[in-house]
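> Structure here, sequence nowhere to be found:
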């Protein structure tokens, strides 16, 4: 598989650049950009996996989520610059659904096919449950009720205030887990770790991450300009493009890495990638995009549509119920995947 992604990268990057300059058909370039970004994301996933082996499951999962979300952050910033606020909000929703239902679902399902039961840190699961509840219900759903009585300026002011609080709380959560309470809530699944050699050393992994991020930034900027034409060609709404297409492409690195980790029975890392990435999207990426939008003519208040809010809330509740016992199997993965498919059909038909 790595060889396939390697060929896709070495061919896709130069062909994408050439196609852009020669103005090849937009729909063709859309597909080419998506495939090349996914191939580059695989390199980012392999690099962060190498760093994860050195740094441990918590920091490794955080690194994977951070660099995986960097792709979506870059795409979203260019989309904001182009005035595509609805696409950005939809992509944020898609990331929450994709990570909690698709990434976690695939991880639980694939890992469950190989192992009857897979355990992960129950203390982390409960800690994440509280943060997920705060991020979606307190920071996303409740403000929606208040904004019904507000004008545009007040909505934006509330969104900026919420964004600052969420960023500060996210930083505090990282400090809590990685500094003040590191190792305090250790689970037996973390006590025995197989010794594994990283694929790349620290220097090479860091260099590959940097180069891949630069390439993704360029391709993402080009990808954003194809959305309108592609939507008209296939009859897709901006909501569907944001929730399904952008979210899957933007989170390709986490998708691959989490499933691989689950197959290796490293569920602490797999869950940290899926849930940690969701928390980072909701508590850091979304607030940062709100603040970045202040630099552009089209501002982005943190106000989602009713279908988006209901879908995110249902995903969080389902994930909390299934993961709060620190134990999973293939059927729970199938349940998450079924929920993602139902919501995908709904957004496609909306």
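On my side now, so go ahead. Since this is a predicted model, take the numbers as computed values, not measurements.
> List the contacts of stretch 209-222.
Stretch 209-222 is contacted by residues 13, 16-17, 20, 29, 33, 36-37, 40-41, 43-44, 47-48, 67, 70-71, 74-75, 78 when judged by Cβ atoms under 8 Å, 6 or more residues apart in numbering. Every residue, glycine included, has its C-beta placed from N, CA and C.
> For ChimeraX, what selects the buried ones among those residues?
Of the contacts of stretch 209-222, the buried ones can be selected in ChimeraX as follows, counting by 16 or more other Cβ atoms under 10 Å:
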select :13,16,20,29,33,36,37,40,41,43,44,47,48,67,70,71,74,75,78
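> Restricted to strands, list the contacts of stretch 209-222.
Secondary structure assignment (DSSP state E) places none of the contacts of stretch 209-222 within strands.
> Looking at the contacts of stretch 209-222, which are in helices?
13, 16-17, 20, 29, 33, 36-37, 40-41, 43-44, 47-48, 67, 70-71, 74-75, 78 (DSSP state H).
> What strand or helix carries residue 83?
Assigning secondary structure by DSSP states H and E places residue 83 outside every helix and strand.
> Leaving out the residues flanking it, which one is nearest to it?
With Cβ to Cβ, 6 or more residues apart in numbering as the criterion, residue 83 has its nearest non-adjacent residue at 4.3 Å, and that residue is residue 298.
> Also residue 108?
With sequence-adjacent residues excluded and distances taken as Cβ to Cβ, 6+ apart, residue 108 is closest to residue 333, at 3.0 Å.
> any chance you could map the strands in the protein?
With DSSP E as the criterion, the chain has strands spanning 118-119, 327-328.
> Residue 330: neighbouring residues, count only.
Using other Cβ atoms under 10 Å, the number of residues around residue 330 comes to 17.
> I'd like the distance between it and residue 273.
As judged by Cβ to Cβ, to the nearest Å, residue 330 and residue 273 stand 18 Å apart.
> isn't residue 287 right next to residue 163, touching?
Yes - counting by Cβ atoms under 8 Å, residue 287 sits close enough to residue 163 to count as a contact (3.3 Å).
> Can you list the low-confidence ranges for the chain?
Within the chain, the stretches falling below the threshold (pLDDT under 70) are 1, 55-65, 67-68, 181-196, 250-254.
> quick revisit: for the residue nearest to residue 83, give me phi and psi.
Main-chain dihedrals, residue 298, degrees, to the nearest 10: phi -90, psi 110.
> isn't it right up against residue 80?
Yes - at 7.0 Å, residue 298 and residue 80 qualify as touching, with contact defined as Cβ under 8 Å.
> Looking at these two now, which is surrounded by more residues?
For residue 298 and residue 80, the more surrounded residue by other Cβ under 10 Å is residue 80, and the numbers stand at 23 against 12.
> Surely the more buried one is in contact with residue 88?
Yes - using Cβ under 8 Å, residue 80 is in contact with residue 88, at 5.7 Å.
> And for residue 315, the neighbour number?
When counting by other Cβ under 10 Å, one arrives at 26 neighbours for residue 315.
> Tell me who's in contact with it.
By Cβ under 8 Å, 6+ apart, residue 315 lies in contact with 96-97, 100-101, 339, 343.
> Widest-spaced pair of the residues you listed?
For these, with distances taken as Cβ to Cβ, the pair at the greatest spread is 96 and 339 (12.4 Å).
> who's more crowded, the two?
Residue environment comparison for residue 96 versus residue 339 gives the larger neighbour count to residue 96, 28 against 20, counting by other Cβ under 10 Å.
> gap between the more buried one and residue 226?
Counting by Cβ to Cβ, the gap from residue 96 to residue 226 is 24 Å.
> And for residue 105?
With distances taken as Cβ to Cβ, residue 105 is found 29 Å from residue 226.
> So between the two, which is more surrounded?
Neighbour totals were compared for residue 105 and residue 226, and residue 105 leads with 27 against 21 (other Cβ under 10 Å).
> Isn't the more buried one up against residue 337?
Yes - contact status for residue 105 versus residue 337: in contact at 4.0 Å, counting by Cβ under 8 Å.
> which residues touch the residue nearest to residue 83?
Counting by Cβ under 8 Å, 6+ apart, residue 298 touches 80, 83, 85.
> same deal with residue 333?
Applying Cβ under 8 Å, 6+ apart, one finds that residue 333 lies in contact with 104-112.
> now stretch 273-284, how far from the chain's geometric center?
When C-alpha coordinates are averaged (Cα atoms, centre = their mean, to the nearest Å), stretch 273-284 and its chain have centres 7 Å apart.
> Begin at 21, not 1, for the rest of this chat.
Renumbered: residue one is now 21, and that last one reads stretch 293-304.
> Outside of that stretch itself, list whatever touches it.
Contact partners of stretch 293-304, identified using Cβ under 8 Å, 6+ apart, comprise 81-82, 84-86, 88-89, 92, 112, 115-116, 119-120, 123-124, 127, 145, 148, 151-152, 155-156, 159-160, 186-187, 189-190, 193, 271, 274, 277-278, 281, 339, 343.
> and what of stretch 170-186?
Counting contacts by Cβ under 8 Å, 6+ apart, the residues touching stretch 170-186 from outside are 155, 159, 163, 166-167, 302-304, 306-308, 310-311, 314, 319-323.
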